[in-house]
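A.B. asks: structure, please.
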Amino acid sequence: MSDQQQYGTAPWQRQTATWPPQAPGLSPADAERSRRHRTMIGVVLLVFAAFALFAAGLQALLLNKGTLDEDTSLEVLITAVGYVVEALLYTGFGIWNLAARKGTARGPLIGAIVIAGLALIMIGINAIQAAGLHGSVSIAGLGFNVLVISRAVIALRLKPMPAQQLH
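C.D. replies: From the prediction side, this is the model:
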């Protein structure tokens, strides 16, 4: 039996199977949109994790110098620990969103909204502190967290199709 008879197409036209083939309950177009949004959210959260680890490393270098007084050292240590916790959260939610990109689970998207919302609150607090000290505000962090929230909301709003229309 030839490949064409066995598969119903010529060998160069064979389609590879993916698991799962698409997000269950969504139209093919919506499943593709959901997959793209979830992939983008996961990648952005992993990039945020890398930046948070970099910031924690900078704080550790500052602590290692030994030139800070006791109160400042404690503040820098707390900040470094905060960055490590932030990196762990970003990594966890980023991997979760990437792992769930071919499904319809709402948990990873809601988690991404929560962590991005918390980051926006922290950026706001930092902006208030920076205004008093003539410091700078992370506009890029603000923009990317808003992007994560907007993409997660878009993916959450995709409506499943009725079962009779899926086939």
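
A.B. asks: pull the longest helix from the protein.
C.D. replies: Taking DSSP state H as the criterion, the chain has its longest helix at helix 28-65.

A.B. asks: from the contact counts, what lies against that one?
C.D. replies: Packed against helix 28-65 by the contact rule (3 or more C-beta pairs under 8 Å, 6 or more residues apart in numbering; DSSP states H and E) you find helix 70-99, helix 107-133, helix 139-157. To be clear about C-beta, it is placed using only N, CA and C from the backbone, and glycine gets the same treatment.

A.B. asks: of all these, which one is nearest His37?
C.D. replies: Ranking those by proximity to His37 (C-beta to C-beta) places helix 139-157 first, at 4.1 Å.

A.B. asks: state the mean pLDDT of that closest one.
C.D. replies: The average pLDDT within helix 139-157 is 89.

A.B. asks: how about it: buried residues?
C.D. replies: Buried residues in helix 139-157, defined by neighbour count with 16 or more other C-beta atoms under 10 Å: 141-142, 144-145, 148-149, 151-152, 155.

A.B. asks: which residues touch the closest residue in space to Ala56 that isn't next to it in sequence?
C.D. replies: Distances taken as C-beta to C-beta, 6 or more residues apart in numbering place Tyr83 nearest to Ala56, at 3.7 Å, with adjacent residues excluded. Applying C-beta atoms under 8 Å, 6 or more residues apart in numbering, we find Tyr83 in contact with 52-53, 55-56, 59.
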